[in-house]
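S.K.: Show me how the following folds:
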Amino acid sequence: MKWYSAIIVMVLLVLTACEDKPSITGSGSLVLTGITSAKGSEMVTIDLDSGYVSTTPVNCHILSSTVYDPNTGGYGYVSCDTVFTLVDTEDGSIIKSFRLPGLISSAVIDPGNNLLIGTYGEYEYIDDPDSTNGATIPVFHTYLLTTDLETGDIVLDKEFNLGDGVFLCTHFFDPVKKLYILQRADNKLLLINPVTGTTTKTVDIGKPLINVVYDTDKGNLISLVPASEPGICLIEVYKPATGELISSKQVTGFDSYNYCICAYDPGTKCYLAVNSDNEVMFIDPDTGEIAKKVKLDYQLNDIRFLRKQVESF
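M.R.: Next comes the predicted model:
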């Protein structure tokens with residue numbers, strides 16, 4: 001009997017104050033959208049440059065199912081009844097909505113081919129070979145699902161072996177090589193063709209990648225990990241094709257950040273994370289310096305960031 005396990009490590013430590021650096025600027029507006037349950041479940045969108053806030057009520061959603069669609073600027077999520085909904089963050093209107101065959105997580109978007117990609121699981125009950133009274137046992141199956149975002153049509157729905165599970169928040173899409181990337185529980189990266197469902201390469205990283213993002217400019221992975229000394233973290237850069245550690249820089253002044261909330265901002269070339277003072281930190285991955293911090297007034301989960309054009313917000 002094979003069981004599927006998702007590994008979630010929640011990191012919540014105590015923040016040490018850090019001096020703000022001078023503001024940095026980038027082209028377009030940087031916005032974030034996340035979900036809060038403080039006053040009922042709401043989707044909250046914040047323009048980090050202007051401070052503009054909009055909110056939209058949402059139903060129950062699946063952890064790690066949220067995505068930002070750069071083609072429409074919409075924020076998407078999968079509800080607890082398997083419906084994927086893409087919402088206009090400016091006015092709350094529904095851009096797309098369609099039912100999926102399962103509760104997908106580890107979701108990403110292929111913007112070039114307009115595809116939604118993720119995994120889901122379901123139980124099958126089979127006869128227990130050791131039973132004498134017709135008992136059944138559950139067997140868990142995992143599937144790789146690729147869906148056309150325009151029509152909701154299924155491009156691929158294929159059973160996929162993920163071994164003992166994956167790190168739930170370690171998933172990316174490589175827009176150059178058109179590959180879906182996951183990290184399995186054995187610390188290996190799987191580079192997957194999301195249209196055929198074939199694994200093109202397996203790379204042994206040797207350790208879990210914590211709060212990791214894909215650098216769309218250089219094609220590298222950036223991870224923020226606690227160091228052995230209190231008050232110090234390391235921002236590490238890896239090559240996904242080989243697992244090679246390219247650089248590791250100390251980030252000082254804090255030892256607390258929220259797991260599963262991070263991004264790479266091409267406008268500022270910074271790694272983004274949220275600390276326990278509920279501040280978005282802009283960290284230079286080349287130096288480890290905190291270039292800027294922006295205070296959030298909402299406690300949010302499943303945050304996604306998007307660099308928009310000024311005129312589109």
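S.K.: Please report the distance of the residue lying closest to residue 72 once chain neighbours are set aside from residue 149.
M.R.: Among residues not flanking residue 72 along the chain, residue 95 sits closest, at 5.4 Å (CB to CB, 6 or more residues apart in numbering). Where you see a C-beta, it was placed from the backbone N, CA and C, and this is true even at glycine. Going from residue 95 to residue 149 by CB to CB, to the nearest Å gives 9 Å.
S.K.: Need the overlap of contacts for those two.
M.R.: Shared contacts of residue 95 and residue 149, defined by CB atoms under 8 Å, 6 or more residues apart in numbering, comprise 69, 86.
S.K.: okay, these two: which has more neighbours?
M.R.: Legend: neighbour count by other CB atoms under 10 Å for residue 95 and residue 149, higher for residue 149 (24 against 17).
S.K.: how many other residues sit next to the residue nearest to that one when sequence neighbours are not counted?
M.R.: Distances taken as CB to CB, 6+ apart place residue 114 nearest to residue 149, at 4.7 Å, with adjacent residues excluded. Counted by other CB under 10 Å, the residues lying close to residue 114 total 15.
S.K.: now the residue nearest in space to the middle of the chain, nearest residue through space, not along the chain?
M.R.: In the chain, the residue lying closest to the centroid (CA atoms, centre = their mean) is residue 169, at 5.3 Å. Among residues not flanking residue 169 along the chain, residue 260 sits closest, at 4.0 Å (CB to CB, 6+ apart).
S.K.: measure the one you found to residue 177 for me?
M.R.: 24 Å.
S.K.: For those two, indicate the residue with more neighbours.
M.R.: Neighbours per residue, other CB under 10 Å: of residue 260 and residue 177, the larger number sits with residue 260, 20 against 14.
S.K.: That one: what's it in contact with?
M.R.: Taking CB under 8 Å, 6+ apart, we find residue 260 in contact with 8, 63, 64, 168, 169, 211, 301, 302.
S.K.: repeat for residue 48
M.R.: Applying CB under 8 Å, 6+ apart, the residues contacting residue 48 are 29, 30, 31, 32, 280, 294.
S.K.: Local confidence estimate at it?
M.R.: Residue 48 carries a pLDDT value of 91.
S.K.: ditto for the one 3 residues further on
M.R.: The confidence metric pLDDT takes the value 89 at residue 51.
S.K.: How many residues are close by it?
M.R.: For residue 51, the tally of surrounding residues (other CB under 10 Å) stands at 9.
S.K.: Residue 174 now?
M.R.: Neighbour count of residue 174, defined by other CB under 10 Å: 17.
S.K.: Equivalent analysis for residue 157, please.
M.R.: Here the number of neighbours of residue 157 (other CB under 10 Å) works out to 15.
S.K.: Which secondary structure element is home to it?
M.R.: Applying DSSP states H and E as the criterion places residue 157 in strand 154-159.
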